[in-house]
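Novice: Got a predicted model here, sequence first, then my questions.
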Amino acid sequence: MPRAPSRGAGNPNLLLATATALLGFVGGWSFGHVHGLHACGSSAALNNAGSLRPPCSAQPRTHLIHQEANRTRYALEAATARLEAIEKQRACPKCQSASEAVSQIEELESQVRDLTVSRSSSTSGGEASLDMTQWASVRAFKRETLWKETLASLPYVLGTTLSKGGLLFTKRKPANASLAAAKATCSEIDVVVASSSPDVCLAVFDSRLPIYTMLRTDASGGAVLEKQRLDQAPRLHTHAGAEAYTPQRLAKRSLIIAQQDTLPKKHSMLEALQTTAKFGATAASVVKRIADIIKTRKLDQNHKTVIVMATNQGTLDLVANFACSCRQGPAEVQRALLSTLVFTGDEPTSKAVELFGLASFHDPALGDLPEGAAKTYGDFAFVRMMWLKITSVYSVIATGRHALFQDADVVWFRDPIAYFATEADDQVDCFFMDDGARSSRYTPLYTNSGFYFIRNNMRTQFFMHRMLLAYDTVLAVRSHQHALIMLLLDHMAKHGLTVGVLDPMLFPQGQVFHRKKAIMQSFVDGTSRPFVFHMCWTAGRTDKLRYLKNMALWFLAPKCDADSWKSHRDLGNSSFNHDQANCCLAGSKAWTVPTPYTQVIDLKSK
């Protein structure tokens, strides 16, 4: 009796039969739709001259063809991939390769696109084609790749959508299906990042009079708009009523909803108006005094850049720690002290800064600022100090110098000014430290306002002028950083401001400390050399100091703690002067133990 064929021997024939049948079905089905053989009858596909014409259905069904072709293509790719694997194991000359099968499907899809013609104008849009528009093609590309090719300066964030791709529309047909070919047809790419929520739709228009700021409209008949307005003013809002959202009224009125909930309250606007007016009344004289200080003390010798810091009495020890970190560093870092101008909240704090060897400036126009350090992010002291952060940078830029602003909790290891002057892209107007946060509050730049460099030019001067006038927004969102990112986007879109986000490996901050311990260990080991480290991402001052001390990044002697600075406020209530000679730890080096605070480097976050 003849032996039955083995199970393995039958697999190639079975797969071949399946693939052939599947390809035949796709080819025949697609051919029928392309040539109008379904829904209308075969005779409908030919005109009097006997030539091919598009499907005669009143509603073009090319979108269904594309969908079905895509589904079939994916199934065929899976089947032919298995078939290809068998080809490699045993000879199968009659088997069709996977690439050939996919090529045939692509050719059929191309025929569908080429045979689709524009319909007469109507109020209903074409569902599957680019009818009635100038667009010649739309293709989906890998989302991360397309993002980096079009939004290179904005960090790409994983996990923000279920979509694996992004769409690129072109008005000239690309030479091939690649992203490079599509981009080659463009001299400008306008980018829209829409919400990934499943109930959000996107309308795309082209115009010689474009609107560069995306408008969000409520398609729910007012429900979304009313909720947003209720959230903005829970005690004051009254629903407009159903009559405000009738079809007749909405036919003449778009329901525009805010891109972010940042509407300032009345008290915030009043405080901002008073604060800004006080500074504006003396701004010219303030800027002149600052220019005189920079010139007299030669603070701009390092590439015409001034290091700007802002402090009150509550963060004096952090400013002193920065100074001591520079004093213990290499020569390139030591000269940072010769370029630093510290803006203070009161005159006694200015005197203490000067005694420590740094240039300082104070003026009542800078605001009535609290003496104590912020206890938590966003509290009263934190928000009011934001005004000093704005006016300080504005004033230095107004003198014609570049500005490198940094918070007091920054430690230097290398000179970042040299980096911005010689290594960084000189066509970028401003560089910001990457905050590390990937929340909607800081989207899409995710910049940190505690360390940034601004080149002096017309664009940055205007930007800082607008930032000065945006203090009401800072008060509303309780964050200088949040308001700054909003304004950056506005000036990028409207005024051509260019923004760069710094590499966290070169400019690390608290998020790296908390979440990337291997990178932090490379800093400790000396295998990686950052320029600076910013101890942000802390709940408050207590944690900030503890982490710095545990990493051997605290360079102040124990006798110069925060309490000693308070007792020294009157310049005499202390047994020693709070200067570098008395307060800086002799011989201390970054990441090096033992210190008076630790015997071993501790990178724990708690």
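Specialist: In hand now; what should we look at? Numbering: from 1, shown residues only.
Novice: what bits of the stretch 451-600 of the chain have low per-residue confidence?
Specialist: Per-residue confidence for the stretch 451-600 of the chain (pLDDT under 70) gives these ranges: 568-575.
Novice: Next one: the closest residue to R414 other than its chain neighbours from L545, what distance?
Specialist: Excluding the flanking residues, the one nearest R414 by C-beta to C-beta, 6 or more residues apart in numbering is F531, at 4.6 Å. (C-beta placed from N, C-alpha, C; glycine too.) Distance from F531 to L545, counting by C-beta to C-beta, to the nearest Å: 22 Å.
Novice: Please apply the same query to M464.
Specialist: Noted for M464: a distance of 31 Å to L545, by C-beta to C-beta.
Novice: Next: A421.
Specialist: 32 Å.
Novice: need the contact list for D472.
Specialist: Contacts for D472 were tallied using C-beta atoms under 8 Å, 6 or more residues apart in numbering; they are P264, S268, M269, E271, A272, L273.
Novice: Keep only those of the residues you listed that are in helices.
Specialist: Using DSSP state H, the subset of those located in helices is S268, M269, E271, A272, L273.
Novice: Next one, pLDDT for the second one please.
Specialist: At M269, the predicted lDDT confidence score is 93.
Novice: can you offset everything so residue one is 57?
Specialist: That works, and once the first residue is 57, the last one we named lands at M325.
Novice: returning to that earlier point: does the residue nearest to R470 touch A474 like I think?
Specialist: No: using C-beta atoms under 8 Å, F587 is not in contact with A474; the gap is 9.1 Å.
Novice: how many neighbours does the nearest residue to Y475 once chain neighbours are set aside have?
Specialist: Nearest residue to Y475, sequence neighbours excluded (C-beta to C-beta, 6+ apart): F587, at 6.1 Å. When counting by other C-beta atoms under 10 Å, one arrives at 20 neighbours for F587.
Novice: and F587, how far is that from T447?
Specialist: Taking C-beta to C-beta, one finds F587 at 26 Å from T447.
Novice: From P564, how far off is the residue nearest to the spatial centre of the chain?
Specialist: Residue closest to the average C-alpha location in the chain (C-alpha atoms, centre = their mean): L501, at 2.0 Å. Distance of L501 to P564, given as C-beta to C-beta: 18 Å.
Novice: The residue nearest to the centre of the chain should be in a helix, yeah?
Specialist: No: counting by DSSP: H, G, I helix; E, B strand; the rest coil, one finds L501 to be coil, located in no helix.
Novice: Give me the nearest residue to C592, chain neighbours excluded.
Specialist: Computed as C-beta to C-beta, 6+ apart, the closest residue to C592 that is not its neighbour in sequence is G566, at 4.3 Å.
Novice: Also Q462?
Specialist: In this structure, Q462 finds its nearest non-sequential neighbour in F507, 4.8 Å apart by C-beta to C-beta, 6+ apart.
Novice: Can I take it that that neighbour is in a strand?
Specialist: Yes: under three-state DSSP, F507 sits within a strand.
Novice: and it, how many residues sit next to it?
Specialist: F507 has 26 nearby residues by other C-beta under 10 Å.
Novice: Low-confidence stretches in the stretch 207-356 of the chain?
Specialist: 315, 317.
Novice: coming back round to it: the residue nearest to Y475: what's it in contact with?
Specialist: W468, F469, R470, D471, P472, Y475, L562, F563.
Novice: change it to 10 Å
Specialist: Neighbouring residues of F587 by C-beta atoms under 10 Å, 6 or more residues apart in numbering: 389, 468-476, 507, 558-559, 562-564.
Novice: Domain parsing of this structure, as residue ranges.
Specialist: Domain assignment for the chain by automatic domain parsing gives 63-170, 186-253, 322-557.
Novice: circling back: just the contacts of F587 now: which is nearest H536?
Specialist: Nearest to H536 among those is F507, at 12.7 Å by C-beta to C-beta.
Novice: close enough to count as contact, the closest one and A459?
Specialist: No: the criterion here is C-beta atoms under 10 Å, and F507 misses it with A459 at 11.7 Å.
Novice: Give me the distance between the nearest residue to G582 once chain neighbours are set aside and F507.
Specialist: In this structure, G582 finds its nearest non-sequential neighbour in W647, 7.5 Å apart by C-beta to C-beta, 6+ apart. Distance of W647 to F507, given as C-beta to C-beta: 19 Å.
Novice: Same check on M576?
Specialist: Plainly put, M576 is 17 Å away from F507 if you go by C-beta to C-beta.
Novice: for D356, same thing?
Specialist: 19 Å.
Novice: mind listing the helices for the stretch 357-506 of the chain?
Specialist: Secondary structure of the stretch 357-506 of the chain by DSSP state H, counting those that start in this stretch: the helices cover 372-383, 387-390, 403-411, 436-454, 472-474.
Novice: of those, which approaches R272 most closely?
Specialist: The nearest among the helices of the stretch 357-506 of the chain, by C-beta to C-beta, is helix 436-454 at 27.6 Å.
Novice: Give me the buried stretch members for the closest one, please.
Specialist: 437-454 (16 or more other C-beta atoms under 10 Å).
Novice: Then stretch 483-501?
Specialist: 484-494, 498-501.
Novice: what about M542, how many neighbours?
Specialist: M542 is flanked by 17 other residues according to other C-beta under 10 Å.
Novice: meant to ask about K239, not that
Specialist: When neighbours are counted by other C-beta under 10 Å, K239 comes out with 16.
Novice: ditto for S252
Specialist: S252 is flanked by 10 other residues according to other C-beta under 10 Å.
Novice: contacting residues for it?
Specialist: Neighbouring residues of S252 by C-beta under 10 Å, 6+ apart: T216, T217, L218, S219.
Novice: what's the answer for A237, then?
Specialist: So A237 contacts S193, R195, T226, K229, P230, A231 (C-beta under 10 Å, 6+ apart).
Novice: My guess is the residue nearest to G582 contacts L609. True?
Specialist: Yes: using C-beta under 10 Å, W647 makes contact with L609 at a distance of 7.4 Å.
Novice: the more surrounded of the two?
Specialist: Neighbours per residue, other C-beta under 10 Å: of W647 and L609, the larger number sits with L609, 23 against 15.
Novice: Tell me the spacing between the more buried one and T367.
Specialist: Separation of L609 from T367 (C-beta to C-beta) stands at 18 Å.
Novice: now R470
Specialist: Using C-beta to C-beta, we find R470 at a distance of 23 Å from T367.
Novice: Could you do A376 as well?
Specialist: With C-beta to C-beta as the criterion, A376 and T367 are 10 Å apart.
Novice: Pull out the buried positions in stretch 234-249.
Specialist: L235, A238, K239.
Novice: typo on my end, stretch 264-281
Specialist: Residues R272, D274, G278, V280, L281 are the ones in stretch 264-281 that count as buried (16+ other C-beta under 10 Å).
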